[in-house]
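J.: Predicted model follows, preceded by the sequence.
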Amino acid sequence: DAGVIQSPRHEVTEMGQEVTLRCKPISGHDYLFWYRQTMMRGLELLIYFNNNVPIDDSGMPEDRFSAKMPNASFSTLKIQPSEPRDSAVYFCASSLSGGATDTQYFGPGTRLTVL
Amino acid sequence: GEDVEQSLFLSVREGDSSVINCTYTDSSSTYLYWYKQEPGAGLQLLTYIFSNMDMKQDQRLTVLLNKKDKHLSLRIADTQTGDSAIYFCAVRRDYKLSFGAGTTVTVRA
C-alpha cells in the first residue's frame, strides 16, 4: 500500500484565497483524522471521521474551516478565506479502527503558507 | 484538554543512551504513545504502552511509565545518527490523541 497520500505537499497562497487540501487514506481504514502542526501550538486534532461521517469537529478553529469525506477514499480540508495565521503543516492520518492500540498512519503533510 | 509536556531539545553522543521525558495531566489516559518525525515527513508510531503497565521494551526502545507521577519516558539504547528526529509523546483519551510539543534529538558523532 502507498500509505496515506496528501496533496499538494506545499501550497503558497495569498490572504483571502480559498485553499483545499486533499487526503487519500489507506484502503480499508475506517477512521480519518486531520491535524494541524504549528510551532506555537504543536500538533492539534482538527476533526476526525468514522466511515465517512464527521464524529468530532471540536478542534476546527472557526467557520472558515470545513472538512468533507464524500467517500471512503477521499477527504478534503478547505479554508475559505485563508489568513496568514493559518500557515502550518496539515497532516492527514488514518487507522483501521478506533481501537486504542490501533495505529494512526500519518501522511507526509501539506505545508501551507498564507501570505 | 489534556496537557502534555516535554523538554524541547536533547543532544546525545552516538552510541550513548537517549532518555526523553514526558509528563501529562489526565490520569484517565488509557494508552500512551511515542511517535517519531523525521524532517519533511509525517509522524511514525514507535511504540505505545497501556496505562496499567510500568515498562515495555522493544529492541532498542524502553518505555517507562510512572502513573502516580504521570511521567512517561522513552529510552533509546545505542543511539545512532538515524535516530536524529523529533519525538512526540501522545496520550489517548477516548478516540483523541493529545500530543506534546516534541523533543528534538540531535545525535553528534
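T.: Yep, that arrived. Being a predicted model, the structure only gives us computed values, none of them experimental. Residues are numbered from 1 along each chain as shown, chains lettered A, B, ... in the order given.
J.: Least confident secondary structure element in chain B?
T.: Using mean pLDDT, DSSP states H and E, strand B:96-99 stands out as the lowest-scoring helix or strand of chain B, at a mean of 84.
J.: So what touches that one?
T.: Where contact means C-beta atoms under 8 Å, 6 or more residues apart in numbering or on different chains, the residues beyond strand B:96-99 that reach it are A:42-45, A:56, A:104, B:1-4, B:24, B:26, B:33, B:35, B:88-92. Yep, even glycine has a C-beta here, placed from its N, CA and C like the rest.
J.: Mind doing that once more with 10 Å?
T.: Residues from elsewhere that reach strand B:96-99 (C-beta atoms under 10 Å, 6 or more residues apart in numbering or on different chains): A:33, A:35, A:37, A:42-45, A:48, A:56, A:58-59, A:93, A:104, B:1-4, B:6, B:24-26, B:29, B:31-33, B:35, B:43, B:88-92.
J.: Any figure for the gap between the residue of chain A found nearest chain B and B:Ala90?
T.: In chain A, the residue that lies nearest chain B is A:Phe106 (3.3 Å; C-beta to the nearest C-beta). Separation of A:Phe106 from B:Ala90 (C-beta to C-beta, to the nearest Å) stands at 12 Å.
J.: In which helix or strand does the residue nearest the centre of chain A reside?
T.: Closest residue to the average C-alpha location of chain A: A:Trp34 at 3.1 Å, with C-alpha atoms, centre = their mean. For A:Trp34, the element it lies in under DSSP states H and E is strand A:31-38.
J.: Just checking: what are the partner strands of that strand?
T.: If you go by DSSP bridges, strand A:31-38 pairs up with strand A:42-50 (antiparallel), strand A:88-95 (antiparallel).
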